[in-house]
Structures are given as structure tokens and as C-alpha cells.
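Colleague: Return a 3D structure for these sequence lines:
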Amino acid sequence: MKIVVVGGAGKMGCIAVQALAKDRRVSEVVIADYHEQNAATVTRILQSDKIRFVKVNVEQPEALVACLQGADVCLNASVYYYNLPIMEACLQAGVSYTDLGGLFHTTRQQLTYHERFAEKGLSAVLGLGSAPGIPNVQARYAADRLDTIEYIRIYDGIKPPPPDDLRFTYAVATILDEMTMSPMVYRDGEFIAEAPLSGFEEVAFTPPLGILPMHYSLHSEVATLPITFKDKGVRECFFKINYWGMAKEAVEKLRVLEEFGFNSTEALRVAEGITVIPRQVLMAMMAKYVPSIEEFLAPPKNSPPDWVKEIVTEVKGSKDGREVRYRLGTLAVKGALPTGVVPAIAAIWLGQKRIPPGVYPPEAVLEPVGFLRELEPFDIYTQVSVTQRMDETFCH
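Modeller: Residues are numbered from 1 along each chain as shown. You can find the predicted model right below:
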């Protein structure tokens, strides 16, 4: 099985490359990326004869299609802005597809590709990082065991860094968008826009996380779960996170910059004949606050990255007329990074032809128990708790 990882020299892409290279079901992994130095670092650290590098600029469609030719699957680990053009390239090359998410609006556009992929006998599963991805599968587990669903509430809890840690936890562009774009929630049959960093509540997670402050954030799960399980009567669906895994102080600093216009994409004249795009300047300045490839792939011996997260999905519904609540918590420990591992497993399932032709959200086509068990060798474990309301007559 040959899998091309677009953006494989990036922070989450390199984790996907590592997982794929170690899997006996995969014979070849292609890092398709523009950054030669990062790719060289990844190949040096991983030391696998399955890996090779192809320099590709995703903004050059012909080169991307040529790189994809002959592959079984494309795992898109680039910034979500490129999801649609990479799907177009997959259609031309005859390659199945998965990605890390489309931040709600792009995901909805991607779903319109269903017929085109199905006509070519190709499969695509959208939104398979840690979240989106794991919450979709968790929700499917509960939905399979319920007659009706009242709500699906998703909480992505990440161990907070020290207040003086200004580093980004994943793609700078995506975090900036999540901080500034209106989160979408599903309520009583409608998608509703909320304010960024609103809807705060305290949520209890498995130790060592404990109680964390959670707020709304724009995410892809909300774009699909209410539609997939519409027949079960879903009334509410939202996604919340705790400051995107960053220090609250770092987020507040970035919000000040955004208020002063540094996140603007409009050209700004700074001198005669000189213009800049403020957002591009901000992105360049933030680059030094992004962890290096070495920090992800080669931590010091006996000292894994100081990273713990638990993705919790709570589903309330009914079974045989009784109220039932499911809580599924997927805990990543010992430095495990599910955002890279989850799409790697999905890519393998696509390569095995376990997904029907067409374009799907994860909850529609991934068998929950089998998929979640594939994460366990990576120190990513899922626990399920069920609370059922007893009959009043029985209680007496």
C-alpha cells in the first residue's frame, strides 16, 4: 500500500508519516512537501526505507497530480485552505483521500464532492485529526446504541502549558481562524453562529487534566453530526476546547494583536511603493513560537513531550423509552499525538477498501470499536461510561 502524505514534513504530518512507516500494511510512504529541510529532518529521525520525499507545491496542480499518480491514498496534512484543490488533484490522479478537518465551512463544501468521487470508485473520509475525527467516531458508538438523541456535546481538553509558554500547539493559521471566526453550534434544527471564546463552562476530565474551562470553537464535527443522525432527533451539538491547548495569557496577547488589525488580509500601505499583508507579517512573526520537528519526533530519552489530552463526547438520548447518557473519553498519554495517528489509521482503512466510494464524514463509515482499538498501541485509550435512568416504580 502506497500512501502520499501532503504536508508530511509538517508538525502533524510527520507524526502520520511515522505511524504509517511503522505499519506492516504500508509498503511506501511519500512525503509530499515544499520544505526540503524539514523533510530531511523527518527522514533522518525516522530512518525507514519505506519513506521517500517529493518536493511539491500544492499550489501547482499538475505537479501535485503527478506526485499522486500510482498511490492508493492521499493523506492531506496541510492547512485546510488546500482541502478542495487537493481533492481535485485526487480525482484526476484516481486516489482516495482523507484529511485533518475543514473547520466547518470547508467541510460542508467538500461533502458536495460525493457524487464525483463515487463515479470514479474513489473514497474520501473528511476530518480525521484528533478532533474532528475521534468525536465523530465516539458519537457513532453512542448513536448505534440509542433510539433517539437529544444532544451531542464535544469537549477537547488539553493540559494547559505554563502562563509564560507562548508556543502554538498546531498550525498557526488554523488557530488564528479558530480564535477569530464565529463558532457554529446546532440548536433546535438550526446552525447558529456564536461569538469566539464564548459559552464558557467548567468540565471535569480524567486526571491529570482535572477541571478545565471550556469554550465554543469553530469545528467540523458540528457540520456533520446533526445531519448524519438527524433521524434520531438531534436537538443540540457543539464543540468546546480550552484555549486551543495554549496558555490563556498567550491567547489574550494574540487577541489584542487581532483587535489592532494584525490578522487582516487586506493590503496595508506602509511607505511609498511598499505594501504588506498584516496577517502574513503576523504569521511570519509567530513562526518562532511553533515547536520544531525534533520536539515532535525525537524527544529526549525517557522524557516524552509534556502533552496530555482527553477528547470527551457526551451523548444523551433514549433506548426503549428510557433516558440514557453516554460519556466517551479518549485519553492520549505519554506524549501521544492523535492528530497525526488518527488520519494514518484512516488512510490505511481507505487503502484496504474498507470505505465505500463517495465522500463521507467519519461517523458514517468508520466502525467505532475497531477504529478506536487501532489507536491503543499508540497510547491512546478510550473509556465508555453509561448512565441510565431507572424506572420510578423500580426505584420505589
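Colleague: How about the secondary structure of Glu150?
Modeller: At Glu150 the chain is in strand, as set by DSSP: H, G, I helix; E, B strand; the rest coil.
Colleague: Just give the nearest non-adjacent residue to it, would you?
Modeller: Across the structure, with C-beta to C-beta, 6 or more residues apart in numbering as the measure, the residue nearest Glu150 apart from its sequence neighbours is Lys316 (4.7 Å). (Each C-beta comes from the backbone N, C-alpha and C, glycine too.)
Colleague: Validate this expectation: the one you found resides in a strand.
Modeller: Yes - residue assignment for Lys316, taken from three-state DSSP, places it within a strand.
Colleague: what pairs with it across the strands?
Modeller: Listed beta-bridge partners, Lys316: Tyr151, Arg325 (assigned using DSSP bridges).
Colleague: for Ile241, same thing?
Modeller: Listed beta-bridge partners, Ile241: Asp156, His215 (assigned using DSSP bridges).
Colleague: from memory it sits against Ser217, does it?
Modeller: Yes - assessed by C-beta atoms under 8 Å, Ile241 is found in contact with Ser217 at 4.8 Å.
Colleague: More neighbours: which of those two?
Modeller: Ser217 (30 against 23; other C-beta atoms under 10 Å).
Colleague: these two touch, right, that one and Tyr243?
Modeller: No - distance between Ser217 and Tyr243: 9.5 Å, which falls outside the contact criterion (C-beta under 8 Å).
Colleague: Would you mind finding the longest helix in the chain?
Modeller: helix 338-351 (DSSP state H).
Colleague: If you average the pLDDT over that one, what comes out?
Modeller: The average pLDDT within helix 338-351 is 96.
Colleague: what does stretch 363-374 give?
Modeller: Confidence for stretch 363-374, expressed as mean pLDDT, is 98.
Colleague: now swap in stretch 26-42 and tell me
Modeller: In this model, stretch 26-42 has an average pLDDT of 96.
Colleague: what residues does it touch?
Modeller: Stretch 26-42 has contacts (C-beta atoms under 8 Å, 6 or more residues apart in numbering) with 1-10, 13-14, 17, 20-21, 43, 48, 50-58, 64, 67-68, 71, 293-294, 297, 348, 351.
Colleague: Spell out the secondary structure type for the residue positioned nearest the centre of the chain.
Modeller: What sits nearest the mean C-alpha location of the chain, by C-alpha atoms, centre = their mean, is Gly129, with 2.9 Å. The three-state label given to Gly129 by three-state DSSP is coil.
Colleague: give the contact list for the residue lying closest to Val185 once chain neighbours are set aside.
Modeller: Sequence neighbours aside, Phe238 is the residue nearest to Val185 in space, at 4.3 Å (criterion: C-beta to C-beta, 6+ apart). Contact analysis of Phe238 by C-beta under 8 Å, 6+ apart lists 153-154, 183, 185-186, 199, 216, 222.
Colleague: Is it correct that His110 falls within a strand?
Modeller: No His there; residue 110 is Gln. No - in this structure, Gln110 is helix, not part of a strand, as judged by three-state DSSP.
Colleague: which residues does it contact?
Modeller: Contacts for Gln110 (C-beta under 8 Å, 6+ apart) come out as 83-84, 87, 102, 124, 126, 359.
Colleague: can you list the domain ranges for this structure.
Modeller: Taking automatic domain parsing as the criterion, the chain consists of the domains 2-129+338-367, 134-332.
Colleague: Least confident of those, on average?
Modeller: The stretch with the lowest average pLDDT out of the domains of the chain is domain 134-332, scoring a mean of 91.
Colleague: now the end-to-end length of it.
Modeller: 11 Å (C-alpha to C-alpha, to the nearest Å).
Colleague: which of the contacts of stretch 26-42 count as buried?
Modeller: Burial by neighbour count, judged by 16 or more other C-beta atoms under 10 Å, picks out 1-10, 13-14, 17, 20-21, 43, 48, 50-51, 53-54, 56, 58, 64, 67-68, 71, 293, 297, 348, 351 from the contacts of stretch 26-42.
Colleague: ok so, going back, with distance to Tyr381 added, can I get the domains of the chain in a markdown table?
Modeller: Supplementary listing: the domains of the chain in a markdown table, determined by distance: least, C-beta to C-beta, whole Å:
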| stretch | distance to Tyr381 |
| --- | --- |
| domain 2-129+338-367 | 11 |
| domain 134-332 | 6 |
